[in-house]
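Participant: Need the 3D shape of this:
(2 chains)
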Amino acid sequence: MSRISECFANLKADGQTALIPYVTAGDPERWVTVPLLHALVDAGADIIELGVPFSDPMCDGPVIQKACERALNNEVTLQHVLDMVAQFRDKNKTTPIVLMGYDNPMEAMGYAKFAEKAAEAGVDGVLTVDSPPEESSELRQALDKYDIDSIYLVAPTTSVERIQRIASFAKGFIYYVSIKGVTGAAALDVAEVREKLALLRHYTDLPLGVGFGIRDGQSAAAVAEIADAVVIGSTLVRCIEEHEKRPEALPAAVAGLLAEMRYAINARNLASA
Amino acid sequence: MPELKFTDYFKNYPDKEGHFGPYGGRFVGETLMGAIYELEEAYEQYRNDPQFIAEIDKDLADFVGRPSPVYFADNWTRKLGGAQIYLKREDLNHTGAHKVNNTIGQALLAKRMGKTRIIAETGAGQHGVASATVAARLGLECVVYMGAEDVQRQAQNVYRMKLLGAEVVPVQSGAKTLKDALNEALRDWVTNVDNTFYIIGTVAGPHPYPAMVRDFQSVIGREAKNQMLSATGKLPDALVACIGGGSNAIGMFYPFIEDESVAMYGVEGAGHGIETGQHSAPLSAGTPGVLHGNRTYLIQNKAGQITATHSISAGLDYPGVGPEHAWLKDIGRANYVSATDDEALEAFHELTRTEGIIPALETSHALAYVKKLAPTMSPDQTILVNVSGRGDKDMHTVASMAGLNF
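Facilitator: Residues are numbered from 1 along each chain as shown, chains lettered A, B, ... in the order given. So this is what the prediction gives:
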């Protein structure tokens, strides 16, 4: 069982929803990321999505786009991101890490080499936002070889036929994009998400994560009631942006924000238990 | 490289998944996958529909002014002293460039698909103007994304778009040029996918765009083939066209691909010189990768980040190139060369003075290569060069090079 599947199994046994923070690696400074990851785990993160910066993040909104720009100003490469994961793994052997990014940096390293290094570093899953199942078979096979989960997106516009196709390739969990839009764009509609998740459950037994458009404890708690995992991205990255000039204070501040989400989710989980 | 018979080209490329060999494909976020399949289905339905084709042909004739002439540049031919040079006059089209051939096709398709809003990206502003023009005529809402840097460089085209009723959104992210405008247009499309049709201006983006835009632009090569046959009694020996994304070049090349006697030269922007690293020449100096929905040659660093490009011509200032060009390069069917800013400027002035035709700076890169190529060929041979656009929009840039400001 992969670290991701094990994590979800444990949470399910406890009646808990997974909380998945997203941060961009190397934003705003390279040295911040590893302490930040540990702080996120302490604040209640169950899985971490670590963004691989890319120069042209066409699926992301301005908040994560600027995070990529800050990281690239520090010349952060995919190799650096893998080094950060390895360093994180020195102290933490249990929290799954999913790399989230775009195809080109992985292709530039070479899919096989990337998969091998990712496994060595302790990466558990890879989500390539601009590489749908149609285009990712080579990367998927490389990741399969090292038991790294290929995470796929499902969107409000995804047809039932595609859902079936994606479900047949997906591993770890399925990431449901809750809005038509880029990351951090709009507030999600819980009723609509509920309906789509119910449909998704007809076609997969994998845990379902929901992201894009979760902004505060209230929306996190509402989504936690219907999903297996809640992904928080732009809200945290905005907090990182605010601490650009005070990076030493950043891990505690971002962790504090995540802890509020954790608290809201737990309160709701408890109430509905 | 596999032994390829170019005579099988038309039926093989792209394949069903939109691949030209390893290039092309559909590299977009999941939210857009439904939209690009919907587009592919609509395009497959209408591309052979006689009514749709008749509608396009009527607009190309009456609204654009096609066929555009092929003109024998006898002064310039004498001056260069080699092959006879013929110019395909896309500069005479309504809106001043080849871009309108494609926007008419896509906008009519948008209308059939029931979309009420079109969006476009633009570099030099020509595609933006061509999109705003058809939007005005068809009564569609139009939003054009343009890098903030290009908004400065091409102020006149920005004003033209606004006159035509389009909203022009200056893009402040990244390098503030064409690639960033494309990112922003894709973000808009993801957000407004239900009512919006994205008119991509070049042969890039996810499948079916590279094939669809090529088909709409192929009117250039189809006309030119007949025009050259009636003017000279034979096919041209060489075709020359400039390449940014590559739509005017593929439009000219495509109908000749299976005519193996016809040499093809695509001319990229070498900027300050390939060796300086400040250029826009991915086929000459780039490596394969994935950007904006397709795999192709890119200007990127070793870590797979897209790096800054430079060209005097905003329309060439792009780090990628259409995937079909990448494939034509790999299989050796077309040759890809480059011309620097200075060479292009020199050719710009030369054509203006010898023939009385002021070409666009993009086109001037193709002309710069003709200056090198023609003298190496014999007077009984012919070169057909695509004059993709007229230079009116570039007066400001050219004047400022001479120290003048309007």
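Participant: Relative to the whole chain's centre, how far out is the longest helix anywhere in chain A?
Facilitator: In chain A, assigned by DSSP state H, the helix with the most residues is helix A:250-272. Averaging C-alpha positions (Cα atoms, centre = their mean, to the nearest Å) puts helix A:250-272 17 Å from its chain's average.
Participant: Please save the CA atoms from it in CSV.
Facilitator: Extracted in CSV, the C-alpha atoms of helix A:250-272 (Å, rounded to 0.1, in the frame of the first residue of the first chain):
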residue,chain,number,x,y,z
LEU,A,250,6.5,32.8,7.6
PRO,A,251,6.3,29.1,8.7
ALA,A,252,4.5,30.0,11.9
ALA,A,253,2.1,32.4,10.1
VAL,A,254,1.2,29.9,7.3
ALA,A,255,0.9,27.0,9.8
GLY,A,256,-1.4,29.2,12.0
LEU,A,257,-3.7,29.7,9.0
LEU,A,258,-3.7,26.0,8.3
ALA,A,259,-4.4,25.2,11.9
GLU,A,260,-7.6,27.3,11.7
MET,A,261,-8.7,25.2,8.8
ARG,A,262,-7.9,22.0,10.6
TYR,A,263,-9.9,23.3,13.6
ALA,A,264,-12.9,24.1,11.5
ILE,A,265,-12.8,20.8,9.7
ASN,A,266,-12.4,18.8,13.0
ALA,A,267,-15.3,20.7,14.6
ARG,A,268,-17.5,19.8,11.7
ASN,A,269,-16.3,16.2,11.6
LEU,A,270,-17.0,15.9,15.3
ALA,A,271,-20.5,17.4,14.9
SER,A,272,-21.4,15.1,12.1
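Participant: Against which helices or strands is it packed?
Facilitator: strand A:18-24, helix A:33-42, helix A:217-224, strand A:229-232, helix A:234-242 (3 or more Cβ pairs under 8 Å, 6 or more residues apart in numbering or on different chains; DSSP states H and E). Placement of C-beta: from N, CA and C, glycine included.
Participant: what comes up buried for the second one?
Facilitator: Going back to what we said before, that points to helix A:33-42. A:33, A:34, A:35, A:36, A:37, A:38, A:39, A:40, A:41 (16 or more other Cβ atoms under 10 Å in any protein chain shown).
Participant: After that helix, which helix or strand is next? Please name it.
Facilitator: strand A:48-51 (DSSP states H and E).
Participant: what residues does the stretch 1-150 of chain B put near chain A?
Facilitator: The interface of the stretch 1-150 of chain B toward chain A, taken as Cβ under 8 Å from any Cβ of the partner chain, is made up of B:17, B:25, B:26, B:27, B:28, B:29, B:30, B:31, B:32, B:33, B:34, B:35.
Participant: do the stretch 151-300 of chain B as well
Facilitator: For the stretch 151-300 of chain B, the residues in contact with chain A (Cβ under 8 Å from any Cβ) are B:173-174, B:179-180, B:182-183, B:186-187, B:190-194, B:289-293, B:298, B:300.
Participant: at 7 Å instead, please
Facilitator: Neighbours of chain A within the stretch 151-300 of chain B, by Cβ under 7 Å from any Cβ of the partner chain: B:173-174, B:179, B:183, B:186-187, B:190-191, B:193, B:289-292, B:300.
Participant: Closest one of the buried residues of helix A:33-42 to chain B?
Facilitator: residue A:33 (16.7 Å; Cβ to the nearest Cβ).
Participant: pretty sure the closest one contacts residue A:82?
Facilitator: No - using Cβ atoms under 7 Å, residue A:33 is not in contact with residue A:82; the gap is 11.9 Å.
Participant: before we move on, back to that, which of the residues of the stretch 151-300 of chain B next to chain A sit farthest apart?
Facilitator: Across those, the longest distance by Cβ to Cβ is 28.3 Å; it joins B:193 and B:300.
Participant: Generate a markdown table for the helices and strands packed on helix A:250-272, with distance to residue B:159 and mean pLDDT as supplementary columns.
Facilitator: Converted to a markdown table, these look like this (distance: least, Cβ to Cβ, whole Å; pLDDT from 0 to 100):
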| stretch | distance to residue B:159 | mean pLDDT |
| --- | --- | --- |
| strand A:18-24 | 38 | 98 |
| helix A:33-42 | 46 | 98 |
| helix A:217-224 | 43 | 92 |
| strand A:229-232 | 44 | 96 |
| helix A:234-242 | 35 | 96 |
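Participant: Tabulate those (a markdown table), appending distance to chain B.
Facilitator: Below are the helices and strands packed on helix A:250-272 laid out as a markdown table (distance: least, Cβ to the nearest Cβ, whole Å):
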| stretch | distance to chain B |
| --- | --- |
| strand A:18-24 | 14 |
| helix A:33-42 | 17 |
| helix A:217-224 | 18 |
| strand A:229-232 | 14 |
| helix A:234-242 | 13 |
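Participant: For burial, what's the neighbour tally of residue 49?
Facilitator: In the absence of a named chain, this looks at chain A. 25 (other Cβ atoms under 10 Å in any protein chain shown).
Participant: try chain B instead
Facilitator: Residue B:49 is flanked by 11 other residues according to other Cβ under 10 Å.
Participant: ok, now the one 10 residues further on?
Facilitator: In terms of burial, residue B:59 registers 21 neighbours under the definition other Cβ under 10 Å.
Participant: where does it land in three-state SS?
Facilitator: Classification of residue B:59 by DSSP: H, G, I helix; E, B strand; the rest coil places it in helix.
Participant: and what of residue A:157?
Facilitator: For residue A:157, the assignment made with three-state DSSP gives coil.
Participant: shouldn't it be in contact with residue B:38?
Facilitator: No - assessed by Cβ under 7 Å, residue A:157 is found out of contact with residue B:38, at 9.3 Å.
Participant: These two - which one has more neighbours?
Facilitator: Between residue A:157 and residue B:38, residue A:157 has the larger neighbour count (other Cβ under 10 Å), namely 19 against 14.
Participant: contacting residues around the nearest residue to that one once chain neighbours are set aside?
Facilitator: Closest residue to residue A:157 apart from its sequence neighbours, by Cβ to Cβ, 6 or more residues apart in numbering or on different chains: residue B:34 at 4.0 Å. Contacts for residue B:34 (Cβ atoms under 7 Å, 6 or more residues apart in numbering or on different chains) come out as A:157, A:158, A:159.
Participant: same thing but at 10 Å, please
Facilitator: For residue B:34, the contacting residues are A:155, A:156, A:157, A:158, A:159, A:162, B:193, by Cβ atoms under 10 Å, 6 or more residues apart in numbering or on different chains.
Participant: Look up the closest residue to the fourth one, ignoring the ones flanking it.
Facilitator: Closest residue to residue A:158 in three dimensions, ignoring its sequence neighbours and counting by Cβ to Cβ, 6+ apart: residue B:30, at 6.0 Å.
Participant: Average pLDDT for the longest helix anywhere in chain B, rounded please.
Facilitator: Counting by DSSP H, the longest helix found in chain B is helix B:30-46. Over the span of helix B:30-46, the pLDDT mean works out to 96.
Participant: Dead centre of the chain: give me the residue that sits there.
Facilitator: Because you didn't say which chain, this covers chain A. Residue closest to the average C-alpha location in chain A (Cα atoms, centre = their mean): residue A:49, at 3.2 Å.
Participant: meant chain B actually
Facilitator: Residue closest to the mean C-alpha point of chain B, counted by Cα atoms, centre = their mean, is residue B:247 at 2.8 Å.
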